[in-house]
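Student: Prediction below, plus the sequence it came from.
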Amino acid sequence: MAFRSDEMSGLVISGGRVVDPASGMDAIGDVAVADGKIAAVGTGLGGAQRVIDATGLVVAPGFIDLHAHGQSIPADRMQAFDGVTTTLDLEAGVLPVGSWYERQARKGRVLNYGAATNWAFARIGAMTGSNAESSLEAFGNAMRDRRWMDNVATDSEVAGILERLARGLNEGGIGIGILNAYAPGAGVQELTAVCQLAAKQDVPTFTHVAFMSRIDPESAVEAYIRLIGYAGATGAHMHICHFNSSSKTDIERCRVLVEKAQAQGLPITVEAYPYGTGSTVLAAAFFSDPQFVERNGTGYDSVQRVTDGYRFHDREELLKAQAEEPSSLVLWHILDTEHNAHHRDLLDMSVLYPGGAIASDAMPWTTSDGKTYTGDAWPLPDDATSHPRSAGCFTKFIREWVRERKAVSLLEGVRKCALIPAEILSQSTPAMRAKGRLTKDADADIVVFDYEKLSDRATFTAMNRPSEGVRHLIVSGQPLISDGILDVNARPGKPVRRPVVEG
């Protein structure tokens, strides 16, 4: 296919292995970019003002993260080296939605960004009277007043919750983020009404299921039965966040339930991240369960503070820390994938789930004083900590499951990192229909990487190491990483947002 370079904005990625799951292409070719879009894919596309020689490299659609809590310039930069071009906070979301998008546009973002509307903060506002803007710190502080976590909402409170969520959707929120595990006391009637709102607005819900225990009552199985019931009874698209950590060691039983529900045509989708260790805030309700050890099969030493690596010893110590530092980030070591073959099999069941997306659950970066880091330093400060998945989720998946283990092909691996996430959102969010693919008129969000060298580098003792192997990253048609070097001045990120309803 010939292409006139004077029709372009001057960028051709030449001679790479073009891997596009939308068309099924996996062949040597060129990709031409014009005005933030892909102008052509083929061979012999001609000269241009700028040519990226991709010989020996893979050219793929940029990865799309459905589950990223960082939502800041430092978080974006770390994810850029993980091959991510679009980073969305859908499991939690934000509230209010409109002011959040305005703030991101004002500051400028490195990657494309977006968020759902936040059910937990709608609950906090309606049930406690606190209308603080959503943030990690505000979330931890809100846990000091447990009414929104433990209580069934009254009719008037449910009306307030629904009103806040509807306003967030009208302001362009990408569906409803339902942090059910953080408010396990929420009633089924309320959640049914929330799902009915989602179905009426034709948007997905993004759910952290209510329970994660391996034993009844309030087991992970019960939580998935509820989620499946919401999908069947309301017609809402129920997206399961971090299928791996939500199911803990009971993933096999939970997977059977979800597979059957999908086979019956229920609108349920799935994501997972390739780690056996989770992360959350210290004040999470499930840590204070008196039967924590019995219900989860892990001791209190499985809970580790991020900032200093401290592991807790008993319930009394953990409860004291919850009261003193509710917003502190902790790791929760659930699956021992290094030493336990069965645990590795369990992780595979979620990571390799057919049609499932890879999503990081990337956490904000915090400094040794426990505060969220939003500064402009690059590389990140030496004391910046988070979770390795905040730096290496997608590269770890490609390295381990695709290249080393050959559990799936590269084409299928890219599908799970780029096209499937886009398809999960494409019905409700028109902006996503042009992402996750290398086809004419698609958004020019492109990752170019060295397949043999692509690797995560972040570990639990050195979390802020960027991944390696991403040679070039194009976001909205603008080079962000060139020959492995980040342009620290670039702010090419654009909002991903549903249409705003005026009035």
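Tutor: Noted; the coordinates are in hand.

Student: burial measure for Gln427, as a count.
Tutor: Neighbour count of Gln427, defined by other C-beta atoms under 10 Å: 14. In this view, the C-beta of every residue, glycine as well, is placed from N, C-alpha and C.

Student: Could you pull up the contacting residues of it?
Tutor: 202, 237 (C-beta atoms under 8 Å, 6 or more residues apart in numbering).

Student: try Asp308
Tutor: By C-beta under 8 Å, 6+ apart, Asp308 lies in contact with Ser368.

Student: Quick check: it is in a strand.
Tutor: No - under DSSP: H, G, I helix; E, B strand; the rest coil, Asp308 sits outside any strand and is assigned coil.

Student: Check what pLDDT it gets.
Tutor: You'll see Asp308 listed with a pLDDT of 90.

Student: Kindly report the same for Asp6.
Tutor: Looking at Asp6, its pLDDT is 42.

Student: Looks like Gly24 contacts Ser409 (just checking).
Tutor: No - Gly24 lies out of contact with Ser409 (C-beta atoms under 8 Å); the separation is 11.0 Å.

Student: quick one: contacts for the spatially most central residue of the chain?
Tutor: Nearest to the geometric centre of the chain sits His67, at 1.4 Å (C-alpha atoms, centre = their mean). Applying C-beta under 8 Å, 6+ apart, we find His67 in contact with 88-91, 206, 241-242, 271, 273, 359-362.

Student: which one is Ala126 nearest to, not counting chain neighbours?
Tutor: Take Ala126 and drop its neighbours on the chain: the residue closest to it by C-beta to C-beta, 6 or more residues apart in numbering is Gly160, 3.3 Å away.

Student: and what of Gly185?
Tutor: Leaving out its chain neighbours, the residue that sits closest to Gly185 by C-beta to C-beta, 6+ apart is Asp150, at 4.1 Å.

Student: ok, the one you found to Gly477 distance?
Tutor: Using C-beta to C-beta, to the nearest Å, Asp150 is found at 49 Å from Gly477.

Student: Show me which of those two is the more surrounded one.
Tutor: Gly477 (20 against 12).

Student: Thought Val33 was touching that one, still the case?
Tutor: Yes - between Gly477 and Val33 there is a contact under C-beta under 8 Å: 5.3 Å.

Student: bridging residues for the residue nearest to the centre of the chain?
Tutor: Beta bridges link His67 to Asp89, judged by DSSP bridges.

Student: wait, what's in contact with the closest residue to Asn170 other than its chain neighbours?
Tutor: The shortest distance from Asn170 to any non-neighbouring residue, by C-beta to C-beta, 6+ apart, is to Val501 (3.9 Å). The neighbours of Val501, taking C-beta under 8 Å, 6+ apart as the test, are 169-171.

Student: what do you get for Arg226?
Tutor: When contacts are counted by C-beta under 8 Å, 6+ apart, Arg226 touches 188, 191, 209-210.

Student: Buried only: go through those residues for me.
Tutor: By neighbour count, with 16 or more other C-beta atoms under 10 Å, the contacts of Arg226 hold 191, 209-210 as buried.

Student: buried sites along stretch 128-136?
Tutor: Of all the residues in stretch 128-136, those buried under the rule 16+ other C-beta under 10 Å are 128, 134-136.

Student: Could you list which of these belong to strands?
Tutor: In strands, judged by DSSP state E, none of the buried residues of stretch 128-136 are found.

Student: Any chance of those residues in a markdown table with distance to Glu325 and pLDDT as columns?
Tutor: Output for these, formatted as a markdown table (distance: C-beta to C-beta, whole Å; pLDDT from 0 to 100):
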| residue | distance to Glu325 | pLDDT |
| --- | --- | --- |
| Thr128 | 20 | 97 |
| Ser134 | 19 | 95 |
| Ser135 | 15 | 92 |
| Leu136 | 12 | 88 |
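
Student: ok, now how distant is Ile485 from Pro466?
Tutor: According to C-beta to C-beta, Ile485 and Pro466 sit 12 Å apart.

Student: Alright, I will stop here.
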